[in-house]
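J.: kindly return the folded structure for what I paste below:
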Amino acid sequence: MTGSFLIADNDNFETADILFVEEDFSTIEGLNLCNDIYTQGKCKDIIFVRINNHTNIFSDEQEELFVKGVIDSVYKDLPVSFLNLETEHPFTLNKSKKVLELIRSKNAKSVIVLTNAFHSRRTRNVYRKIFEHENIKLYTLTYFDRFTDNNWWQTSDGFRMVIPEFLKYGYYLAKGYM
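T.: Modelled structure (predicted):
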């Protein structure tokens, strides 16, 4: 199906220093995958990458505390932290640059970027370009939440996710971001 183009294949890996969760960190599918990877000893650290939202009813700190509380109540001993960013468009490009700064500061040599499947090909290609001159092994993992490549067009939510992702992919390609 058309949406399949946007989906990167999951990379095989043994272990990684850090697992970065890009995009939505509140889906059960993404959180279950984080928990599985951590409990299997395949990563040491989990960091949720988020853009600060100054229009939200909750402050960024309140939202972070709430999310950590929920995660702690469901997933015991899952070591999550947040990388809160002030960034501008293009978000994925600018987030990847900030992630690279953090990776350097932690002297990490291998990282997993976990993201929604429909965002994964663009994410992987942007991170690969940013990391191309670094000695950092990059792995990409994906998950589906409310819809898949077989049914995304059947809901308005699926359409609102997939169609803009095609446009963003083309924009990033034209701008040389990946």
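
J.: how close does the residue most central in space within the chain sit to residue 57?
T.: Most central in the chain under Cα atoms, centre = their mean is residue 22, positioned 1.9 Å from the mean C-alpha point. Residue 22 sits at a distance of 24 Å from residue 57 (criterion: Cβ to Cβ, to the nearest Å). Bear in mind the C-beta positions are built from the backbone N, C-alpha and C, glycine included.

J.: report pLDDT for the residue nearest to the centre of the chain.
T.: What the model reports for residue 22 is a pLDDT of 88.

J.: residue 3 too?
T.: 65.

J.: nearest spatial neighbour of residue 68, skipping sequence neighbours?
T.: Once flanking residues are discounted, residue 68 sits nearest to residue 80: 6.5 Å by Cβ to Cβ, 6 or more residues apart in numbering.

J.: give the contact list for the one you found.
T.: 34, 46-48, 68, 71 (Cβ atoms under 8 Å, 6 or more residues apart in numbering).

J.: can you do 10 Å?
T.: Residue 80 makes contacts with 19, 21, 25, 31, 34, 38, 45-48, 64, 67-68, 71-72, as judged by Cβ atoms under 10 Å, 6 or more residues apart in numbering.

J.: worst mean pLDDT across the helices and strands of the chain, which element?
T.: helix 60-74 (a mean of 88; mean pLDDT, DSSP states H and E).

J.: ok, residues contacting that helix?
T.: By Cβ under 10 Å, 6+ apart, the surrounding residues in contact with helix 60-74 are 25-26, 28, 31-32, 34-35, 46, 48, 50-54, 56-59, 78-82, 84, 86.
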